[in-house]
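1. After the sequence you'll find the predicted model.
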Amino acid sequence: MGIEIALLLVAALLLAWAILLWSWRATLCRHWVEPVLRRPVLIVESDDWGPGPPLHGERVMRLADTLARHRDGSGQPALMSLGVVLAVPDGAAMGAGDLQDYRRLELDDPRCAGVLEAMRQGATEGVFALQLHGMEHYWPPALLRAAQHDARLRAWLLEQAFPAYEDLPPPLQSRWVDGAQLPSGALDADSIGRAVREETRAFQRIFQAPARVAVPPTFVWTRAVETAWMAAGIEVIITPGRRYTGRDAAGQPAGAEASLHNGQAAGPMALYLVRDIYFEPLRGHAPARVLEEARARFRLGRPALLETHRSNFVGTETDFEHSLAQLDTLLGQALRDWPELRFLSPEALARRYRERPADWCARAWPVRLHVWLRRLATIPRLRKLAWLSGLALPAALLLWLSTASARRAGLPA
C-alpha cells in the first residue's frame, strides 16, 4: 500500500509538471530558440536626430570624439546608432497657406548642413550607424488636423525654424497611427506603403546608402508597416520586446502583440532586435545602474541595447557636458568590466544572428540549456509556479550540471 501511494504521488507530481510545461510551452520555446551570444555586445542607440541648427552639428561631432576614445578588443571604436528623422515642418512655407498644405524641411536642406555633415563623417569613421527613424516623428495629416483646433500646436508648427518633435504630445509623436484622436486610429495600408517608399528613398538620397535598420517612433507600429519596410529593403527592426499597435484613450501605447526576441524573424528578410535598457542621463540614469542591467542581459546570452535620445545632448551646455561625461564613464567602465566586450552596429549584430558563427553563438546543448534555465528564472510567475510544484528542484540541478559547460563557452557568470 505504501509503495502504491508513493507511486501515485510521483505520478501526480509528474502530471503537474507536464501540465505546467504544456501551459507555458510558447514561452519555453521562445526562450529556447532565441540565439545565445557567447560574447557581451553593447550598442548605444540614440533616437530623434534630424534637421537642426549648427549647434546640433557641433554636439554630434563632440559625441563622435567621445566614442572614438573607446575601443574594444578588436579595435572597433564605441558605436552609437543614430535613429534619424529626415524632416521637420517648414513653418514659414506652411504659414503662407494657413496650414492647408503640409510642407517639410528635409535633412539635406542647406540650413541643416552642419548636423548632416557631422552624421556622415561619424558614419565614415565608424562611430555612428545611421538608421531610419522616419521621414517625420509624427503622421503629418494627423498633426495638421490637430493644429486646426490647438493654438499651441499651431504655434509649434509656425514659430520655430526647427520645431522639436520631442515637445509634441506623445500620441502625436507616434508616426504610424492617427494620434489626433484617442484612442488612436489605424492608417490604411496604401498610405503606409507610400510613406515608407518616400522615407526610404529620402534616406538613400541623403546618405547615399539604403536604410537597413528601422526604429518605429515611440515603438508604436503595425505589421502593415513592417511589410512595407521589408519591401523597401529594411532588414532589422528595433523593438522594445513587443509590438504596440496603437494608443489608448489615455494616450498610452496599447494593443501589445506577442513578445518578440532577439534574432526572431520578422519575415523572409528581416529580424527583430530588442532594446530594453534606458540610458537617459538627464533623467538620472546613472552608468552604474545601466551596467548592472547590461550584466543581466549578458548572463542570459543577450546583447545590451541602450536607449537614449538627442534631448540629452542638445540642451544647455551644462546638461550636454553632464550627459557626455556620463556616456564617457559608461563606455570606459564597460570595457574594464568585460574585456571581451564588442561594439557592433545593429546590422552587424543581426548578421551574427542570421549566420550564427560558432565563435559568436553557442551551439552546444548543455550551454544552451544553462542559458535557457537562466532566462526562464527571470519570469516571476513561472519561477513561482516552478517552486510551488517542485519543478524548480530538477531545474536547479540541471542548471548546476551545465555550469561548467557555460563557463568553458565564455558566458558571463
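-> That came in fine, so what should we check first? Numbers count the residues shown, from 1 in each chain.

2. and the closest residue in space to Arg302 that isn't next to it in sequence, helix, strand or coil?
-> Distance criterion Cβ to Cβ, 6 or more residues apart in numbering; nearest residue to Arg302, sequence neighbours excluded, is Asn262 at 5.9 Å. To be clear about C-beta, it is placed using only N, CA and C from the backbone, and glycine gets the same treatment. Three-state assignment for Asn262 (DSSP: H, G, I helix; E, B strand; the rest coil): coil.

3. So what's the residue count around Asn262?
-> Residues within reach of Asn262, counting by other Cβ atoms under 10 Å, total 25.

4. who's in contact with it?
-> For Asn262, the contacting residues are 34-35, 272-274, 302-303, 353, by Cβ atoms under 8 Å, 6 or more residues apart in numbering.

5. now with 7 Å?
-> Contact analysis of Asn262 by Cβ atoms under 7 Å, 6 or more residues apart in numbering lists 34-35, 273-274, 302-303, 353.

6. Out of the residues you listed, which is nearest to Ile206?
-> Distance to Ile206, by Cβ to Cβ, is smallest for Leu273 among the contacts of Asn262, at 23.3 Å.

7. what's downstream of whichever strand or helix holds that closest one, the next helix or strand?
-> Per DSSP states H and E, Leu273 falls inside strand 271-274. Sequence order places strand 277-278 as the next helix or strand after strand 271-274, per DSSP H and E.

8. Ends of stretch 34-48, what's the gap?
-> One end of stretch 34-48 to the other measures 29 Å (Cα to Cα, to the nearest Å).

9. That one: how far from the chain's middle?
-> 9 Å (Cα atoms, centre = their mean, to the nearest Å).

10. next one: stretch 4-21
-> 43 Å.

11. same thing with stretch 70-83?
-> That offset, for stretch 70-83, works out to 17 Å (Cα atoms, centre = their mean).

12. re earlier: will you turn the contacts of Asn262 into a markdown table that also has pLDDT and secondary structure?
-> Listed next are those as a markdown table, based on pLDDT from 0 to 100; DSSP: H, G, I helix; E, B strand; the rest coil:
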| residue | pLDDT | secondary structure |
| --- | --- | --- |
| Glu34 | 96 | coil |
| Pro35 | 96 | coil |
| Leu273 | 98 | strand |
| Val274 | 98 | strand |
| Arg302 | 97 | coil |
| Pro303 | 98 | coil |
| Tyr353 | 97 | helix |
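
13. Output the below-cut-off pLDDT ranges for the stretch 51-200 of the chain.
-> 96-98 (pLDDT under 70).

14. Please, where are all the strands along the protein?
-> Counting by DSSP state E, the segments of the chain that form strands are 41-49, 80-85, 87-89, 104-106, 128-134, 213-214, 236-239, 246-247, 253-254, 271-274, 277-278, 304-309, 342-343.

15. and of those, who's closest to Ala334?
-> Nearest of the strands of the chain (Cβ to Cβ): strand 41-49, 5.7 Å.

16. who does the closest one pair up with?
-> strand 80-85 (parallel), strand 304-309 (parallel), strand 342-343 (parallel) (DSSP bridges).

17. Of these, flag the one that's most buried.
-> Highest mean neighbour count of the strands paired with strand 41-49: strand 80-85, a mean of 25 (counted as mean count of other Cβ atoms under 10 Å).

18. what's the angle between that one and strand 128-134?
-> 30 degrees (axes from the mean of the first three to the mean of the last three Cα atoms, to 10 degrees).

19. Please enumerate residues in contact with strand 80-85?
-> By Cβ under 7 Å, 6+ apart, strand 80-85 touches 43-50, 63, 67, 119, 127-134, 136-137, 165, 215, 345-346.

20. just the buried members of these?
-> Among the contacts of strand 80-85, those buried by neighbour count (16 or more other Cβ atoms under 10 Å) are 43-50, 63, 67, 119, 127-134, 136-137, 165, 215, 345-346.

21. Please produce CSV containing the strands of the chain, extended by distance to Ser389.
-> Converted to CSV, these look like this (distance: least, Cβ to Cβ, whole Å):
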stretch, distance to Ser389
strand 41-49, 35
strand 80-85, 43
strand 87-89, 55
strand 104-106, 58
strand 128-134, 44
strand 213-214, 42
strand 236-239, 32
strand 246-247, 37
strand 253-254, 34
strand 271-274, 29
strand 277-278, 32
strand 304-309, 33
strand 342-343, 39
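
22. Please identify which of these is closest to Pro171.
-> Among those, the nearest to Pro171 by Cβ to Cβ is strand 246-247 (4.7 Å).

23. measure the spatially closest residue to Leu373 that is not a sequence neighbour to Arg375 for me?
-> Distances taken as Cβ to Cβ, 6+ apart put Leu399 closest to Leu373, at 4.6 Å, once the chain neighbours are dropped. Noted for Leu399: a distance of 11 Å to Arg375, by Cβ to Cβ, to the nearest Å.

24. Of the strands of the chain, which is nearest Trp156?
-> When the strands of the chain are compared by Cβ to Cβ, strand 87-89 sits nearest Trp156, at 8.2 Å.

25. Now for the nearest residue to Arg247 once chain neighbours are set aside: which residues touch it?
-> With sequence-adjacent residues excluded and distances taken as Cβ to Cβ, 6+ apart, Arg247 is closest to Ser184, at 4.0 Å. Ser184 makes contact with 171, 174, 177-178, 246-247, according to Cβ under 7 Å, 6+ apart.
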